[in-house]
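1. Quick one: sequence and predicted model below, then my questions.
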Amino acid sequence: MVPSRTRERGEGRIGCFLTLLVLAVGVAVALKVVPVYFSNSNLMDTAEEVAGQAALYPVPALADKLRAKAAELGIPEAGADGAISISTTGGKSAGTCTVVFDYTRTVDLYGFYSVNVATHKVVARPYLDAR
């Protein structure tokens, strides 16, 4: 004879609801924050490429390239004065180009909370005039 389980409920609706709620909040936050980190990463990659071209272009032209890329990526904070500074050491034929980023982006999380994402990065890359 098989015992009947009519008196056992086994329902866990509250736990399931809370788990789904936490998961939904996590996904919603990730949808806002991950693109900010992704665009910052793309700007750092561009900075490495631009720093390698320091023998070909003057420093103001390099800064303009980085500001244009920041505008393309939707990072208006990088276009502010002092957010990007570029310096070179060495001569025109060889040396090191250093790009310093110092800006803070504010991410609004649906009006409930805002997160400040600070970017303080230094990209240093040697360059060589191979014309």
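-> Noted; the coordinates are in hand.

2. From here on, just use CA atoms for contacts and neighbour counts.
-> Noted.

3. Please enumerate the helices of this structure.
-> 13-51, 59-73 (DSSP state H).

4. so what does the last one touch, helix or strand wise?
-> Pointing back at helix 59-73 there. For helix 59-73, the elements it packs on are helix 13-51, strand 84-90, judged by 3 or more C-alpha pairs under 8 Å, 6 or more residues apart in numbering; DSSP states H and E.

5. and if we set it to 10 Å?
-> helix 13-51, strand 84-90, strand 94-109 (3 or more C-alpha pairs under 10 Å, 6 or more residues apart in numbering; DSSP states H and E).

6. for the helices of the chain, which one ends up most surrounded?
-> helix 59-73 (a mean of 17; mean count of other C-alpha atoms under 10 Å).

7. Give me the below-cutoff pLDDT ranges for the protein.
-> Applying pLDDT under 70 to the chain flags the ranges 1-11, 130-131.

8. what does stretch 47-65 contact?
-> Here stretch 47-65 makes contact (C-alpha atoms under 10 Å, 6 or more residues apart in numbering) with 41, 43-46, 66-71, 79, 84-88, 90-101, 122-131.
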